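**Student:** got a predicted model here, sequence first, then my questions.
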Amino acid sequence: VCFVGRSNVGKSSLIRALFSLSPEVEVRVSKTPGHTKKMNFFKVGKYFTLVDMPGYGYRAPQDFVEMVEAYLQERQNLKRTFLLVDGVVGLQKTDHIAVEMLEEFGIPYVMVLTKIDRASKGLLLKNVLGIQEFVKEKTQGCFPQLFLVSSVEFSGIHLLRCFIAHVTGN
């Protein structure tokens, strides 16, 4: 499985939260947005590998498009791609471009709304409804269930962990 999203959406923080019960997996999180410049591979026992992609948009590496497109198109054993969207700001123009790429390549993906602890309930509801409408009207390869998570409060982490175990056959 791989995690992709804008710079500063919380990919590394989410991966660290997902592995909080696995101390043997060390996930470093930088205070600097856009710090991940290469793909980071986390082997989860002999079960599966989780890939942390560099962020797109702000401070994206110059070779981002070539690196990510090649990985997504050539990786035969990729079970699911997780597209992370900031729960405070919702879908941005760069997220729409990422969705277009995933749809064009026919890659099954799931949207994960991050940083839900930072959004007011009203703003979060607005963003969730907007994304659900977008998924229903404009996508074919997106899993219809949106996952809402907070890496700080661990909200939604267990459910996402179970979903990853399910799609990887564990």
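**Tutor:** Cool, the structure landed.

**Student:** which of the helices or strands spans the residue sitting furthest away from the middle of the chain?
**Tutor:** Distance to the chain centre peaks in the chain at residue 122, reaching 22.9 Å (criterion: Cα atoms, centre = their mean). Assessed by DSSP states H and E, residue 122 sits inside helix 121-138.

**Student:** in that helix, what's buried?
**Tutor:** Buried residues in helix 121-138, counted by 16 or more other Cβ atoms under 10 Å: 124, 127, 128, 131, 134, 135. From N, CA and C alone the C-beta is placed, and that goes for glycine too.

**Student:** off-centre distance for stretch 57-67?
**Tutor:** 16 Å (Cα atoms, centre = their mean, to the nearest Å).

**Student:** tell me the mean pLDDT over stretch 88-95?
**Tutor:** Mean pLDDT, stretch 88-95: 96.

**Student:** which parts of this structure are strands?
**Tutor:** For the chain, the strands defined by DSSP state E occupy 2-5, 40-44, 48-52, 81-86, 109-114, 147-148.

**Student:** so which other helices or strands are in contact with the last one?
**Tutor:** The reference is to strand 147-148. Counting contacts by 3 or more Cβ pairs under 8 Å, 6 or more residues apart in numbering; DSSP states H and E, strand 147-148 is packed against strand 109-114, helix 157-167.

**Student:** I'd guessed residue 148 sits against residue 155; true?
**Tutor:** Yes. Using Cβ atoms under 8 Å, residue 148 is in contact with residue 155, at 7.0 Å.

**Student:** okay, those two: which has more neighbours?
**Tutor:** residue 148 (19 against 14; other Cβ atoms under 10 Å).

**Student:** this completes my enquiry, with thanks.
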